[in-house]
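Participant: okay, predicted coordinates and the sequence, questions at the end:
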Amino acid sequence: MESVKTLYNHKYLRIITITVIGSLLLTLSAKIKIPFYPVPMTMQTFVVVLLGITLGYRLALATVGLYLIEGILGLPVFSNSPEKGVGFVYFIGPTMGYLIGFLFTTFLSGYLNLKTNFFMIFIKLTFAVSFIYLFGLIWLGTLIGWDKPVLELGALPFLYAELFKVLLITLLTKKILKLRKFI
């Protein structure tokens, strides 16, 4: 009976450890800016998809959820924090929709069957990432007004970088899925 209890405790310790490490990786990916045209990019959406593929949708959702809670509570985990604010006030700003979209993207990345060919993996991951922009644009338009060029402000400058990241993660997906059994 004692060994079952120990195994049970190790399982939850493992889940907590993976979730915390994943949220740290997401934070790090938000802070590093890579020169890209027309705007610098972070690897944050790449890591959101990576978490889904690597951890599966349940653990990846817990990881992204922890990251969002950390940010809402005031830890400077988001891309432009603390420079542009922290906590709930920052969260409900222009990027809230994108951050909420992280949850949907990580879920889909972990849930969709990615054991197919390269083209289908690319299409599925593009579909998954599109939820970041869908929620982001809906929130941005609601916040700043639909009379503003929402698409030009909230999506178009990032499309080349996003295409690059989806292509990169597509190339790595088969290898990541092989490693998934070790997590």
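Facilitator: Received the coordinates, thanks. Since we're looking at a predicted model, the values are computed, not measured.

Participant: could you use CA atoms for every contact and neighbour count after this?
Facilitator: Fine.

Participant: for residue 31, which non-adjacent residue is spatially closest?
Facilitator: Of all residues not flanking residue 31 in the chain, residue 79 sits nearest, at 5.4 Å (C-alpha to C-alpha, 6 or more residues apart in numbering).

Participant: pull the number of nearby residues for the one you found.
Facilitator: Counted by other C-alpha atoms under 10 Å, the residues lying close to residue 79 total 19.

Participant: wait, it sits on residue 30?
Facilitator: Yes - counting by C-alpha atoms under 8 Å, residue 30 is a contact partner of residue 79 at 4.5 Å.

Participant: which residue ranges of the chain form helices?
Facilitator: For the chain, applying DSSP state H gives helices covering 2-31, 44-72, 87-91, 96-111, 118-144, 150-154, 159-179.

Participant: angle of the longest one against helix 44-72?
Facilitator: Put plainly, it is helix 2-31. Helix 2-31 and helix 44-72 are oriented at 110 degrees to each other (axes from the mean of the first three to the mean of the last three C-alpha atoms, to 10 degrees).

Participant: and helix 2-31, what does it pack onto?
Facilitator: helix 44-72 (3 or more C-alpha pairs under 8 Å, 6 or more residues apart in numbering; DSSP states H and E).

Participant: on that earlier part again, so which of the helices of the chain gets nearest residue 37?
Facilitator: When the helices of the chain are compared by C-alpha to C-alpha, helix 159-179 sits nearest residue 37, at 7.5 Å.

Participant: the helices of the chain into TSV, with extra columns for mean pLDDT, mean neighbour count and distance to residue 37?
Facilitator: As requested, those are arranged in TSV below (pLDDT from 0 to 100; neighbours: other C-alpha atoms under 10 Å; distance: least, C-alpha to C-alpha, whole Å):
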stretch	mean pLDDT	mean neighbour count	distance to residue 37
helix 2-31	85	15	18
helix 44-72	97	23	17
helix 87-91	93	18	26
helix 96-111	97	24	20
helix 118-144	97	19	18
helix 150-154	94	16	15
helix 159-179	94	16	7
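
Participant: and the contacts of stretch 160-179?
Facilitator: Around stretch 160-179, the neighbours that count as contacts under C-alpha atoms under 8 Å, 6 or more residues apart in numbering are 36-37, 41, 43, 45-46, 49-50, 53-54, 114-115, 118, 121-122, 125-126.

Participant: residue 132 and residue 95 touch, don't they?
Facilitator: No - using C-alpha under 8 Å, residue 132 is not in contact with residue 95; the gap is 10.1 Å.

Participant: CA-only coordinates of stretch 10-28 in CSV, if you can.
Facilitator: Output of stretch 10-28 as CSV, limited to C-alpha atoms (Å, rounded to 0.1, in the frame of the first residue of the first chain):
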residue,chain,number,x,y,z
HIS,A,10,5.6,10.9,-7.7
LYS,A,11,3.0,11.1,-10.5
TYR,A,12,1.8,14.5,-9.2
LEU,A,13,5.3,15.7,-8.6
ARG,A,14,6.2,14.9,-12.2
ILE,A,15,3.1,16.7,-13.5
ILE,A,16,3.8,19.8,-11.4
THR,A,17,7.5,19.8,-12.4
ILE,A,18,6.7,19.5,-16.1
THR,A,19,4.0,22.2,-15.9
VAL,A,20,6.3,24.6,-14.1
ILE,A,21,9.2,24.0,-16.6
GLY,A,22,6.8,24.4,-19.5
SER,A,23,5.6,27.7,-18.2
LEU,A,24,9.2,28.9,-17.7
LEU,A,25,9.9,27.8,-21.3
LEU,A,26,6.9,29.8,-22.5
THR,A,27,8.1,32.8,-20.5
LEU,A,28,11.5,32.6,-22.0
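
Participant: no further queries at this time; thank you.
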